[in-house]
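Undergrad: after the sequence you'll find the predicted model.
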Amino acid sequence: MKSIIKNGKIVTAGETFEADILIEEGVITNLGKDFDESSVDEVIDAAGLLVMPGGIDPHTHLDMPFGGTMSSDDFFTGHKAAAFGGTTFHIDFALQSKGSTMVEAIQTWKKKAEGKAAIDYSFHVALTDPVDSSVEEIPELLKEGVSSLKIFMAYKNVFQVDDSTFLKALKKSAENGMTTMVHAENGDAIALITEELLAEGKTAMGYHNVAHSAAIEAEATNRAVAFVEMTNAPLYIVHIACKDGLEAVRRGRKKGLPVMGETCIQYTYLTDAAIDTKDFEGAKYICSPPPKGDEDRDAVWDAIRDDTVQTVATDHCPFWFDGTKEGRTPGKELGKEGWHKVPNGVPGIEDRLPVLWHLGVNGGKISPNRFVELASTNAAKVFGLYPKKGSVSIGADADLMLFDPEKEHTISAETHHMNVDYNCYEGMKVKGWPKQVLVRGKTLVKDGEWLGEEGYGNFTPRKNFNEII
Ligand code: URP
Ligand code: ZN
Ligand code: ZN
């Protein structure tokens, strides 16, 4: 299969230029002008459109057991939704079960995706069994094509590991050229405060914000940055939501430490007020860490602008608001009796790019090139995919988003493709929408129509010793 994308304006992380793209067997083989159209199968006219690398979402949870249920998007519904929103690649988290190995976790997650995937994907793996054999196993992960390891400082008695395991894992990962990632909230403090709140009968949704305060997030983030100082091991701190946590990362980076930061699209828009409602509505927005105050949301934008964070992900972890309807997995209603029982997580895999473009680029906060960096290229660099993914260059996979910067769209659960009955950005009128989305040269979405296929997506192994950006 040979195709040409012509008349578009190419926007990459580094530059903006006009060129046509020649694609052969899913790979970009030339950039230039006046390619011979007589010998190609398809010519795509991108006049008036921006041609960008497809989005890479480095933080998702599809088909994941959590909080007594499963996240509601699987590797087909989640991929379809991702493609509608311009995302062509994601990295999901395989979770080790206690008593099992991390390699087994990766194999389990590979099975979840096989035959379902519609976009390309890879995995991080979470070390949740804090025994020495888990640490010793780290180099084995590379044989599975996994070069990043996740540590939870929160979710006591579930995923959380102690500081000594965290430190050992950091060192072992670094020795093997792997990147450690961390969920930075103080799990012991959360557990204690939760007990105290419940003893006082404080079950309303807003108490989730009290148990997951900015101080709890900032303490763990500062500790994680200090661990980088002690080990000089690369660390990527996921889903940073508060000003003081961002400040810790900024300080670490200023010192030259190999620490990188991720925020998520929900933290650029929501605040804790969304959770702190009088009724059960707030459950929709319960996630950990939760969005914080106005000042924190402003700090998230500052961090996006000054490169304290290198990526804007989703942490897509959807649960039905009403999971009692037929055919649905249990959802947020599990927490009707209290915030502590609400499954943690929000949807966003489809919304990320249009919302980031609208608030960021249209809002005058970031340039189109910075948008590409945050949405795609930086994740490819940090996680060993670049330049195959995350770039528009000769030899790269033709994973592309043809973006219409003039098209207006109102985001709504009525029209989205995520397998969930609400949307965090409900009613937001965005300007700028993906018109056509291609993975390895194949069009998956065109003008709102689904042309993709279950099973088309490939697992993509990732390399180690990646760039620290
Ligand atoms: O609330 C969240 N973030 N749920 C997904 C699991 C995690 O902590 O990333
Ligand atoms: Zn997390
Ligand atoms: Zn997550």
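TA: Thanks, I have the structure now. Ligands and ions are numbered 1, 2, ... in the order given.
Undergrad: make sure residue 181 is indeed in a helix.
TA: No: with DSSP: H, G, I helix; E, B strand; the rest coil as the criterion, residue 181 is assigned strand and is not in a helix.
Undergrad: contact partners of stretch 182-189?
TA: 150-156, 159-160, 166, 212, 216-217, 219-221, 223-224, 235-240, 245, 288-289 (CB atoms under 8 Å, 6 or more residues apart in numbering). In this view, the C-beta of every residue, glycine as well, is placed from N, C-alpha and C.
Undergrad: distance of residue 321 relative to residue 451?
TA: Distance of residue 321 to residue 451, given as CB to CB, to the nearest Å: 30 Å.
Undergrad: now do residue 104
TA: Residue 104 sits at a distance of 36 Å from residue 451 (criterion: CB to CB).
Undergrad: now residue 98
TA: Noted for residue 98: a distance of 42 Å to residue 451, by CB to CB.
Undergrad: ok, residue 220 next?
TA: 44 Å.
Undergrad: neighbour-wise, which of these two wins?
TA: In this view residue 220 and residue 451 are compared by other CB atoms under 10 Å, and residue 220 has more residues nearby, 25 against 14.
Undergrad: OK, contacts around that one?
TA: When contacts are counted by CB under 8 Å, 6+ apart, residue 220 touches 153, 154, 184, 185, 186, 245.
Undergrad: over to residue 33?
TA: With CB under 8 Å, 6+ apart, residue 33 has these contacts: 19, 20.
Undergrad: hmm, residue 225 is touching residue 249, no?
TA: Yes: judged on CB atoms under 8 Å, residue 225 makes contact with residue 249 at a distance of 6.4 Å.
Undergrad: common neighbours of the two, please.
TA: Residues touching both residue 225 and residue 249 by CB under 8 Å, 6+ apart: 237, 259.
Undergrad: among those two, which residue is more densely surrounded?
TA: Neighbour totals were compared for residue 225 and residue 249, and residue 249 leads with 28 against 25 (other CB under 10 Å).
Undergrad: if you average the pLDDT over the helix or strand containing residue 169, what comes out?
TA: Secondary structure assignment for residue 169, by DSSP states H and E: helix 163-175. Average pLDDT, helix 163-175: 98.
Undergrad: what's near enough to touch residue 5?
TA: Going by CB under 8 Å, 6+ apart, residue 5 touches 20, 21, 23, 44, 46, 51, 400, 402.
Undergrad: hmm, back to that, got the angle for the helix holding residue 169 vs strand 179-183?
TA: 150 degrees (axes from the mean of the first three to the mean of the last three CA atoms, to 10 degrees).
Undergrad: for helix 163-175, packing partners?
TA: Counting contacts by 3 or more CB pairs under 8 Å, 6 or more residues apart in numbering; DSSP states H and E, helix 163-175 packs against helix 132-137, strand 148-152, strand 179-183, helix 214-231.
Undergrad: among these, which is nearest residue 431?
TA: Evaluated over the helices and strands packed on helix 163-175, closeness to residue 431 peaks at helix 214-231, with 32.2 Å, by CB to CB.
Undergrad: quick one: the closest one near ligand 1?
TA: No: between helix 214-231 and ligand 1, judged by CB under 6 Å from any ligand atom, nothing touches; the nearest distance is 11.6 Å.
Undergrad: what do you get for stretch 144-164?
TA: No: Stretch 144-164 stays clear of ligand 1 (CB under 6 Å from any ligand atom), getting no nearer than 7.0 Å.
Undergrad: buried residues in that stretch, which are they?
TA: 144-156, 159-161 (16 or more other CB atoms under 10 Å).
Undergrad: greatest separation within the residues you listed: which pair is it?
TA: Greatest spatial distance among the buried residues of stretch 144-164 (CB to CB): 145 and 156, at 31.0 Å.
Undergrad: so which residues on the protein come close to ligand 1?
TA: So the chain meets ligand 1 at 61, 183, 287, 288, 315, 317, 344, 345 (CB under 6 Å from any ligand atom).
Undergrad: and residue 74, what does it touch?
TA: 62, 63, 112, 116, 419.
Undergrad: just give the closest residue to residue 190, not the sequence neighbours.
TA: Excluding the flanking residues, the one nearest residue 190 by CB to CB, 6 or more residues apart in numbering is residue 211, at 5.4 Å.
Undergrad: what distance do you get for the one you found to ligand 1?
TA: As judged by CB to the nearest ligand atom, to the nearest Å, residue 211 and ligand 1 stand 13 Å apart.
Undergrad: tally of neighbours for residue 135?
TA: For residue 135, the count of nearby residues is 20 (other CB under 10 Å).
Undergrad: coming back round to it: in the helix holding residue 169, which residues are buried?
TA: Neighbour count says helix 163-175 has 165, 166, 167, 168, 169, 170, 171, 172, 173, 174 buried, by 16+ other CB under 10 Å.
Undergrad: equivalent analysis for stretch 411-418, please.
TA: 411, 416, 417, 418.
Undergrad: need those residues in JSON lines with secondary structure, can you?
TA: Formatted as JSON lines, the buried residues of stretch 411-418 follow (three-state DSSP):
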{"residue": "411", "secondary structure": "coil"}
{"residue": "416", "secondary structure": "coil"}
{"residue": "417", "secondary structure": "coil"}
{"residue": "418", "secondary structure": "coil"}
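Undergrad: which residue, other than its chain neighbours, is closest to residue 423?
TA: Once flanking residues are discounted, residue 423 sits nearest to residue 413: 4.4 Å by CB to CB, 6+ apart.
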